[in-house]
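>>> Got a predicted model here, sequence first, then my questions.
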Amino acid sequence: MEQKLRESAFLALEDGTLFKGVSIGIKGMTVGEIVFNTSMTGYQEILTDPSYNNQIITFTYPHIGNTGINNIDNESNRIQVKGIIIHNLSLISSNYQSKMTLSKYLRINNIIGIMNIDTRKLTKIIRNTGTQYGCILSDAYTNINIAHKYIKNAIKNPILDIVQKISTKNIYKWTVGTNKIHNIFTNQIKHSPFHVIVYDFGVKKNILNCLVDHGCHVTVIPAETPAEQVISLNPDGILLSNGPGDPRLCTNIISNIKILLSTMIPIFGICLGHQLLAIANKANIIKMRFGHHGSNHPVQNITTKKVMITTQNHNFTIDKNNLPKNIKITHQSLFDDTIQGITIVQKYAFGFQGHPEANPGPHDAEELFNRFIKNIKHYKKKQYRN
């Protein structure tokens, strides 16, 4: 066993529950909202997903780290989570692409974690009481009273500009598809038929990869880029990306989306982008009891009755009560009947709550990119006629 794994650690919940385990990652203390993820694979993608920013992840799958960490599966340029909670950490990495162990990866990224706790018990607590804030602290930093003070402070003072903090600060081009590793701006990509603007609210790299695969020339822009500037770039389509936090706090972004909706430019909202699209059309957003986090969530197309297994990562959902008439529900969760997909009447605009680009999977919802491209083609054809 690595020497770093032998120090005790504690997990304190806001309801007073205390777990004792073993420290992984660096020594210290971290506070965040605890959510549980039911995925059996893809821990590297989950840790680097910007939608998890400021959260502590509990993995329900009992054995984490067996494939190590590679150089190609990151969804962003760093670990985004505040901390990690697992039952058992693999001490070896068995994969031809592995470059380091998960334990080393956590230390390099200055992440605090805990293992050897009953993650089933923790998950049941969250399911029964709802999402809670928690604090992980290693042995040398043990002070439960201080931990609870940090938890209360985090609850009273949420980060209001979390999307703006993690969004890109500069406009840039993305040219990598799912089968490419190096970011090379080729003539083929430069002259792709569809110019898509991506609002970066915490965008995952594989969303950008999938757009390139579908023949898009992709421009990524900061979260609060004015709508007038976006329109001046002459996009064929606009993608509102995934991201962290409460969508109701993104007032400037919502104002920009309202302006964009006054045009006929095709819009595709994913996860947070889906919720923001709904708010811009006067829908209400509510916080869920413990959210959806995992890669095994069944979603049904209301019209075709087709069911697809999806990756989910959200704590908020569109309120079904008093839904505006211009919003039509297209998909719903088979777990709890929450809204999973919407379309905006008489617009080339739609949203989906899950992650259609899911990496490592499942890939059932990738067809939504085809729908986006189809909308772009209709829009461009109508423009040509006019």
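Ah, there it is. Numbers count the residues shown, from 1 in each chain.
>>> Asn242: what's it in contact with?
49-51, 201-204, 207, 270-273, 313, 355 (Cβ atoms under 8 Å, 6 or more residues apart in numbering). All C-beta atoms are positioned from the backbone trio N, CA, C, and that covers glycine.
>>> any chance you could map the strands in the stretch 51-200 of the chain?
For the stretch 51-200 of the chain, the strands defined by DSSP state E, counting those that start in this stretch cover 55-59, 63-64, 83-85, 88-89, 112-115, 132-138, 172-174, 194-199.
>>> These: which one's closest to Asn77?
Asn77 lies closest, by Cβ to Cβ, to one member of these: strand 172-174, at 12.7 Å.
>>> List the neighbouring strands of the closest one plus their orientation.
Here strand 172-174 is paired, per DSSP bridges, with strand 216-221 (antiparallel).
>>> Identify the bridge partners of the closest residue to Ile144 other than its chain neighbours.
In space, Ile144 comes closest to Ala12 once its chain neighbours are excluded; the distance is 5.8 Å by Cβ to Cβ, 6 or more residues apart in numbering. When assigned by DSSP bridges, Ala12 has beta-bridge partners Leu18, Cys135.
>>> Next up, the contacts around Ala12.
Contacts of Ala12 by Cβ under 8 Å, 6+ apart are 18, 134-135, 137, 144, 147-148, 151.
>>> Let me see the ranges of the strands in the stretch 251-386 of the chain.
267-270, 285-301, 307-318, 327-333, 339-344, 349-352.
>>> Would you map the helices across the stretch 151-300 of the chain?
Secondary structure of the stretch 151-300 of the chain (DSSP state H, counting those that start in this stretch): helices located at 162-166, 187-190, 205-213, 227-232, 251-261, 272-280.
>>> which residues are contacting the third one?
Residues outside helix 205-213 that contact it (Cβ under 8 Å, 6+ apart) are 45, 74-76, 174-180, 189, 192, 196, 198, 218, 220, 239, 241-242, 270, 355-359, 366, 369.
>>> Tell me the buried residues within these.
Taking 16 or more other Cβ atoms under 10 Å as the criterion, what is buried in the contacts of helix 205-213 is 45, 74-76, 174-177, 189, 192, 196, 198, 218, 220, 239, 241-242, 270, 355-359, 366, 369.
>>> mind giving me the domain split of the protein?
Domain ranges of the chain: 3-156, 162-385, per automatic domain parsing.
>>> so can I have CSV of those showing mean pLDDT?
Below are those laid out as CSV (pLDDT from 0 to 100):
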stretch, mean pLDDT
domain 3-156, 94
domain 162-385, 93
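>>> In contact with the residue nearest to Gln164 when sequence neighbours are not counted: list those residues for me.
Leaving aside its sequence neighbours, Gln164 sits nearest to Ala223 (Cβ to Cβ, 6+ apart; 5.5 Å). Counting by Cβ under 8 Å, 6+ apart, Ala223 makes contact with 163-164, 167, 199-201, 243, 250, 253.
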